[in-house]
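S.K.: Sequence first, predicted model second:
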Amino acid sequence: MISFDTDAFRGIGIALGERTLPDEVRRKIAVSPITAIEVLSQLSIAKAENILAQIHAMRKWLPEPAALLDWPDSYISEHAFGHRVENDDYRHIGDAFNACLVADKADQVKDAAKGLKDLLDGAKNAQMQRDRAVVEALRKGPVDWSKHPLYFAQGLANRVGRTFEAGLEARIVERLSAYFEFQMESLRRALEDTKYNFEKHQNRALDGEQLVYLADPAHHFITLDGGFRCIKESPQRTRVHILDTKTLLDAPTVIKLLSEIASKA
């Protein structure tokens, strides 16, 4: 499957305009719940009808109904710990997103959009609190980076409510290697800056969640964010496609690009 961060999602939609993607490409596209929430939450602000029109344009390049990826916690639980847990928020996101694709008026979905914005704010805050707690703990003593695969795996187990079994950290890091590398880079930045503002970096923290889906070896992630270039060692790096806005100037270029990526997905 192919997923996008929010900026890439919007940029590709604008570039495609009224063009429709080939069916073999549309079948490979899935929407991450983070991207869905960020797009839909804009319906709770001014110019909602314009936002709804942009969402309607997505029908030309998304499968019907739009495929939505699992919420990150559920995905981590299943793919890193082998135990699937359902998430009610995930179902609401999917329902709201597909409802927006067919809604006639923004007022029909504004309440749902406001609820999703609250969910997004809560997810950002939860990730920020986790990151802050880790950094504050590490600042109390010398940092032994060799133990971070263990800390990373233990932290994920606590997050998704699983019992951690010692010795599994290498497997978990391997399955989530791009996410691990991104998280370690963010951690180093925060530790090096005694005035690091976690609130200011909430979006970056949430952006990293998009990488968990690379645990599926057929999954590809498309972004416009150069911040993902910090991923250098992970074998999953080849499936992180960092685009330049210049590649999104016209529909034929975008269709060719997505077709090439879809052939590998």
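M.R.: Great, that's in hand.

S.K.: Identify the spatial nearest neighbour of Glu24, chain neighbours not counted.
M.R.: The shortest distance from Glu24 to any non-neighbouring residue, by Cβ to Cβ, 6 or more residues apart in numbering, is to Ala262 (6.6 Å). Yep, even glycine has a C-beta here, placed from its N, CA and C like the rest.

S.K.: Assumed Ile222 was part of a helix.
M.R.: No - counting by DSSP: H, G, I helix; E, B strand; the rest coil, Ile222 is located in no helix; its state is strand.

S.K.: okay but Asp70 is in contact with Val31, surely?
M.R.: No - between Asp70 and Val31 there is no contact under Cβ atoms under 8 Å: 11.4 Å.

S.K.: So which residues of the stretch 151-265 of the chain form helices?
M.R.: Assigned by DSSP state H, counting those that start in this stretch, the stretch 151-265 of the chain shows helices spanning 169-175, 177-192, 202-207, 251-262.

S.K.: Out of those helices, which gets the lowest mean score?
M.R.: Among the helices of the stretch 151-265 of the chain, helix 202-207 carries the lowest mean pLDDT, at a mean of 79.

S.K.: can I assume Val135 is in contact with Tyr196?
M.R.: Yes - here Val135 reaches Tyr196: they are 7.3 Å apart, a contact under Cβ under 8 Å.

S.K.: Common neighbours of these two, please.
M.R.: Common neighbours of Val135 and Tyr196, using Cβ atoms under 8 Å, 6 or more residues apart in numbering, are Ala190.

S.K.: what's around Asn98, how many residues?
M.R.: Residues lying near Asn98 (other Cβ atoms under 10 Å) number 18.

S.K.: in what helix or strand does it lie?
M.R.: For Asn98, the enclosing helix or strand under DSSP states H and E is helix 88-102.
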